[in-house]
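Trainee: everything below, folded, please.
(chains A, B, C and D)
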There are 4 protein chains.
Amino acid sequence: MTIAKLRVRFAETDQMGIVHHSNYAIWFELARVKWLEERNMSYKEWEESGVSLAVSELNVNYRNAAKFDDEINVEVKLTVAKSRRSHFEYRLFRTADNALIATGRTTHTPTNPQGQAIRLPEQWLSQLQEQLEK
Amino acid sequence: MTIAKLRVRFAETDQMGIVHHSNYAIWFELARVKWLEERNMSYKEWEESGVSLAVSELNVNYRNAAKFDDEINVEVKLTVAKSRRSHFEYRLFRTADNALIATGRTTHTPTNPQGQAIRLPEQWLSQLQEQLEK
Amino acid sequence: MTIAKLRVRFAETDQMGIVHHSNYAIWFELARVKWLEERNMSYKEWEESGVSLAVSELNVNYRNAAKFDDEINVEVKLTVAKSRRSHFEYRLFRTADNALIATGRTTHTPTNPQGQAIRLPEQWLSQLQEQLEK
Amino acid sequence: MTIAKLRVRFAETDQMGIVHHSNYAIWFELARVKWLEERNMSYKEWEESGVSLAVSELNVNYRNAAKFDDEINVEVKLTVAKSRRSHFEYRLFRTADNALIATGRTTHTPTNPQGQAIRLPEQWLSQLQEQLEK
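Mentor: Model prediction:
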């Protein structure tokens, strides 16, 4: 598991006084980038090698509103790693009171630079599978 | 069913040359606003009456990448309307070739201005239920 | 002059209950895209021909807050067109009461796909200069 | 002077492969929030006391493109502090090569919760003036 820390930006709030729900997909992504980085699998290198893990599905469950200036921990782990599909799962906590803010999952399909679905090259697949987490 | 038309903004693209996946939640929302408006149920009025239909769950299935300047039709319909939970469902099409870009669903929980879950006031509930669509 | 119409999205508001000031740069851009399009100079074609009009400077004067669901007219005109620098100027009005929301200017530098400053190819330059407005 | 560190998010890029220029206003803002915080003047407290430092003008000069995953230092200092107008100035550097990414300035007008311009209450004004920087 990787934990990415972030601070809620003012621009991320909406007029209900809470974080707009579209931002969670962005937070998931930055946690995923950190997850790859901590395992020496840089997002940038993947892209340069012509493989993207395109997001093919997004699920978010909103539990408690995050607010401006909240410090948030985004926990991310890899729960499925197959040649044509991987899953990352997420849990967001506010560090001040440990409140569960949201849970979520992204499904990823390997694609080439033209955006077509491909089988994940063996080198990346085995790397991912070593990192599977319950 | 309501159809909201939009044109992909340059700022909505990412370095893969496609629309960043976080934007779909924003497009769903603007279609929802239009859905309410066409039925004379303004989002603004709801907020002013102290009721928000907070997004409690978001699901998006990404089928084909949308690109800069694409004209997109966002179809939205109400498929569940209960006192504590409503569902809207979405289908996005690129008008140029009628390609299915994405499908999705949002689940909504009525909340008061403090963000606490409430039962939807009867006036709004009956209005919603008259608008249920298959 | 070109006028782009838009409707303020919920996601564009912040917790002060108004449009977050970063969105105006996005609105300027979509007006610029329409300006080019109305003159048969598509942004897409420019990019494909290897020339981008990169934004090298942005100025915004905020006069009145725009709010959720406001209908906004973004007026844009080209005021300077030189081989190494062009200016677009903007005025934003709320259509309901004709209130001036903001004024602004963007400065653009022609760049190649590597992001290096270049002289604007003659074909584009003469096209732009025919469209100069006071 | 305060320095806010950030890492460029994937969602902040556009299809030119660089950070979309609208994001700099958001980065300026988070640096400003940190500036206030480091001086024990929390943005949140200001808002709660009914005073906002609304952005009335924004200027950005883009020098070098920031890219995905770049680590950026946002330097911010207060250069003008008057009862009706304050200026913050910014310089953004990429830490890897110390390249100057952008410079900018925001002008702020004190407003009440209704968004009307007010004179900055004496307590905040004197606090700001003690923090003026060349």
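Trainee: ok, how many other residues are close to the closest residue to A:G17 other than its chain neighbours?
Mentor: With sequence-adjacent residues excluded and distances taken as C-beta to C-beta, 6 or more residues apart in numbering or on different chains, A:G17 is closest to C:Q15, at 4.6 Å. Quick note: C-beta positions are derived from backbone N, CA and C, even for glycine. By other C-beta atoms under 10 Å in any protein chain shown, 20 other residues sit near C:Q15.
Trainee: do you know the pLDDT at C:Q15?
Mentor: Confidence per residue is given as pLDDT, and for C:Q15 that number is 92.
Trainee: residue contacts, it?
Mentor: Contacts for C:Q15 were tallied using C-beta atoms under 8 Å, 6 or more residues apart in numbering or on different chains; they are A:F10, A:T13, A:D14, A:Q15, A:M16, A:G17, A:I18, A:F68, D:E47.
Trainee: what does A:E38 give?
Mentor: Applying C-beta under 8 Å, 6+ apart, we find A:E38 in contact with A:T2.
Trainee: for D:E75, see how far away the residue nearest to A:G17 is.
Mentor: Distance from C:Q15 to D:E75, counting by C-beta to C-beta, to the nearest Å: 26 Å.
Trainee: also A:R7?
Mentor: As it turns out, when the distance is counted by C-beta to C-beta, A:R7 lies 18 Å from D:E75.
Trainee: what's the answer for A:A65, then?
Mentor: In this view, A:A65 and D:E75 are 32 Å apart by C-beta to C-beta.
Trainee: which one of the two is surrounded by more residues?
Mentor: Ranked by neighbour count (other C-beta under 10 Å), A:A65 and D:E75 place A:A65 first, with 19 against 16.
Trainee: do the worst-scoring helix or strand of chain A on mean pLDDT and chain D meet at all?
Mentor: Sorting the helices and strands of chain A by mean pLDDT, DSSP states H and E puts helix A:43-48 at the bottom, at a mean of 76. Yes - counting by C-beta under 8 Å from any C-beta of the partner chain, contacts between helix A:43-48 and chain D involve A:Y43, A:K44.
Trainee: so what's the spatially most central residue of chain A up against?
Mentor: Against the mean C-alpha coordinate of chain A, by C-alpha atoms, centre = their mean, the closest residue is A:F28 at 3.3 Å. By C-beta under 8 Å, 6+ apart, the contact set of A:F28 is A:L58, A:V60, A:V74, A:V76, A:F88, A:Y90, A:G104, A:T106.
Trainee: which of the helices or strands spans it?
Mentor: Taking DSSP states H and E as the criterion, the element that holds A:F28 is helix A:23-38.
Trainee: now A:E29. Nearest residue, chain neighbours left out?
Mentor: Sequence neighbours aside, D:F10 is the residue nearest to A:E29 in space, at 5.5 Å (criterion: C-beta to C-beta, 6+ apart).
Trainee: thought that neighbour was touching B:T13?
Mentor: No - here D:F10 does not reach B:T13: they are 11.8 Å apart, not a contact under C-beta atoms under 8 Å.
Trainee: show me what contacts A:T103?
Mentor: For A:T103, the contacting residues are A:V60, A:N61, A:R63, A:E89, A:Y90, A:R91, A:L92, by C-beta under 8 Å, 6+ apart.
Trainee: tell me how many other residues crowd the first one.
Mentor: In other words, A:V60. There are 26 residues near A:V60, going by other C-beta under 10 Å.
Trainee: over to the second one?
Mentor: If you count neighbours by other C-beta under 10 Å, A:N61 ends up with 17.
Trainee: wait, what's in contact with A:P110?
Mentor: Remark: with contacts taken as C-beta under 8 Å, 6+ apart, A:P110 is in contact with A:V51, A:S52, A:L53, A:A54, A:S83, A:R84, A:A117, A:I118, A:R119, A:L120, A:P121, A:W124.
Trainee: okay, and which of the residues you listed map to strands?
Mentor: Using DSSP state E, the members of those that fall within strands are A:S52, A:L53, A:A54.
Trainee: would TSV of the residues you listed with pLDDT be doable?
Mentor: Listed next are the ones in strands among the contacts of A:P110 as TSV, based on pLDDT from 0 to 100:
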residue	pLDDT
A:S52	87
A:L53	89
A:A54	93
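Trainee: name the nearest of these relative to A:S22.
Mentor: Using C-beta to C-beta, A:A54 is the member of the ones in strands among the contacts of A:P110 that sits closest to A:S22, with 18.2 Å.
Trainee: the closest one: what's it in contact with?
Mentor: A:H108, A:T109, A:P110, A:T111, A:G115, B:M16, B:Y62.
Trainee: so how far is chain C from the fourth one?
Mentor: From A:T111 across to chain C, the span is 21 Å (C-beta to the nearest C-beta, to the nearest Å).
Trainee: just the pLDDT for that residue.
Mentor: pLDDT, A:T111: 92.
Trainee: quick one, phi/psi of the residue of chain A positioned farthest from its centre?
Mentor: Taking C-alpha atoms, centre = their mean, the residue of chain A most remote from its mean C-alpha position is A:Q15, at 25.8 Å. Backbone geometry at A:Q15, expressed as degrees, to the nearest 10, gives phi -70, psi 0.
Trainee: can you list the residues of chain A near chain C?
Mentor: Counting by C-beta under 8 Å from any C-beta, the residues of chain A lying close to chain C are A:F10, A:A11, A:T13, A:D14, A:Q15, A:M16, A:G17, A:I18, A:H20, A:S22, A:F68.
Trainee: run the last query once more with 10 Å
Mentor: Within chain A, the positions lying close to chain C (C-beta under 10 Å from any C-beta of the partner chain) are A:9-23, A:67-68.
Trainee: please report the distance of the nearest residue to A:R91 once chain neighbours are set aside from D:R105.
Mentor: In space, not counting the residues next to it along the chain, A:R91 is nearest to A:E75; the distance is 4.5 Å by C-beta to C-beta, 6+ apart. Between A:E75 and D:R105 the computed distance is 38 Å (C-beta to C-beta).
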